[in-house]
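# Whatever this is, show me its structure:
(one chain, ligands or ions: 2)
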Amino acid sequence: MSQYGLLIDYEYCTGCHSCEVSCKNEKKLAHGVYGIKLSEIGPFEITPGNWEWNYIPSPTKLCDLCADRIEKGEKPACVLHCLGLAMDYGPVEELAKKMAAKGKKMVMFVP
Ligand code: SF4
Ligand code: SF4
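Ligands and ions are numbered 1, 2, ... in the order given. The predicted structure is shown next:
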């Protein structure tokens, strides 16, 4: 049986926090508790005039890949509500192929 995970394309993450909020609503998490948390990295200069500034959402150990929703045939809440269409859910083999095809600015999370 396949193992499943989340794929995050942070090139397209706008930093909108919808993944955080939808996860907190779905899991009914208390103030200050997160199933996924957004980090801002940068801005920093890689080479003269060439800047990086990224938002990277990181699932925490509380993430269970929305097992209850998946059982009902629904997408994980964070994937459904991602305004940048930057999140994907699926078997790790498929996610790894997407990562390899793109080659950069993606992270995979497998709980
Ligand atoms: S898959 Fe579900 S539990 Fe995991 S970060 Fe997304 S919304 Fe939260
Ligand atoms: S919902 Fe999507 S675009 Fe918004 S912060 Fe999360 S990953 Fe980024």
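
# And residue 2, how close does it get to ligand 2?
Distance of residue 2 to ligand 2, computed by C-beta to the nearest ligand atom, to the nearest Å: 23 Å. (Glycine included, C-beta is placed from N, CA and C.)

# And the pLDDT for that residue?
Per-residue confidence at residue 2 stands at 87 (pLDDT).

# Okay, and it sits in which element?
Assigned by DSSP states H and E, residue 2 belongs to no helix or strand.

# what sits against it?
Residues counted as contacts of residue 2 (C-beta atoms under 8 Å, 6 or more residues apart in numbering) are 91, 92, 93.

# how about the nearest residue to the first one, chain neighbours excluded?
I take that to be residue 91. residue 2 (3.7 Å; C-beta to C-beta, 6 or more residues apart in numbering).

# bridging residues for residue 88?
Beta bridges link residue 88 to residue 7 when assigned by DSSP bridges.

# List the residues that contact it.
Residue 88 touches 6, 7, 8, 9, 79, 95, 98, counting by C-beta under 8 Å, 6+ apart.

# Mind checking which of these are buried?
Among the contacts of residue 88, those scoring as buried are 6, 7, 8, 9, 79, 95 (criterion: 16 or more other C-beta atoms under 10 Å).

# Out of those, which are close to ligand 1?
Filtering the buried ones among the contacts of residue 88 for proximity to ligand 1 by C-beta under 6 Å from any ligand atom leaves residue 6.
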